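Student: This is a predicted model, with the sequence first.
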Amino acid sequence: MDGSAIISGILSGLISSALFGAIVGAWLDHRLAERAKQLEASASVVDILAEWIRSAYTGTPRNEYLWSLQTTYWKNILLLDKELLDLLIPKLANAPNAPNAEEIIVQARKILLNLSEPDISADKLNRWLPEETRKE
């Protein structure tokens, strides 16, 4: 084996390693970006739902509550995919067939984690009601 064959073999190995590293790096970057988007969307859904039920817990005056809800809604809908918006909009419009907050969380989880079926059920989620509405 002559020197040029050795150098060619070494260069070929280095190029293969560099390509493999670039592919793995691109894949990791994609996965991290995808995860960051999931976290942002998750936080947005929670912000909107939390603001939606806040007045029941705090007794906030109606106009202040609506202003805060509207601000939270506008700020967060910019980050959400249409599928998540379609899940939230009926609840925020007080539609009679709108899912409750727990069902929205279950369905949002299904969407965000790309599950074929929900892996939890709404009746398994905890919800602490405001003090004056609790039945003990």
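Tutor: Now that the structure is in, tell me what you want to look at.

Student: Not counting its neighbours along the chain, what's nearest Glu40?
Tutor: Distances taken as CB to CB, 6 or more residues apart in numbering place Leu79 nearest to Glu40, at 5.3 Å, with adjacent residues excluded. In this view, the C-beta of every residue, glycine as well, is placed from N, C-alpha and C.

Student: repeat for Tyr65
Tutor: Ser55 (4.2 Å).

Student: ok so, going back, which secondary structure element contains the residue nearest to Glu40?
Tutor: Per DSSP states H and E, Leu79 falls between elements, in no helix or strand.

Student: so what's the backbone phi/psi at it?
Tutor: As for Leu79, its main-chain torsions (degrees, to the nearest 10) stand at phi -90, psi -10.

Student: so how far is Leu88 from it?
Tutor: To Leu88, Leu79 is 12 Å away according to CB to CB, to the nearest Å.

Student: Looking at the two, which is more packed in?
Tutor: Using other CB atoms under 10 Å as the criterion, Leu79 and Leu88 rank with Leu88 on top: 23 against 14.

Student: Give me the next element, helix or strand, following the helix or strand hosting the more buried one.
Tutor: Leu88 is located in helix 82-92, with elements delineated by DSSP H and E. Counting by DSSP H and E, the next helix or strand C-terminal to helix 82-92 is helix 101-112.

Student: by contact count, what packs against that following helix?
Tutor: helix 3-58, helix 82-92 (3 or more CB pairs under 8 Å, 6 or more residues apart in numbering; DSSP states H and E).

Student: Need the nearest residue in space to Glu102, chain neighbours excluded.
Tutor: In this structure, Glu102 finds its nearest non-sequential neighbour in Ala122, 3.8 Å apart by CB to CB, 6+ apart.

Student: ok, that neighbour touching Ile105?
Tutor: Yes - Ala122 is in contact with Ile105 according to CB atoms under 8 Å; the separation is 7.5 Å.

Student: neighbour-wise, which of the two wins?
Tutor: Remark: of Ala122 and Ile105, Ile105 carries more neighbours, 21 against 16, as counted by other CB under 10 Å.

Student: pLDDT wise, what is the more buried one at?
Tutor: At Ile105, the pLDDT value in this model is 95.
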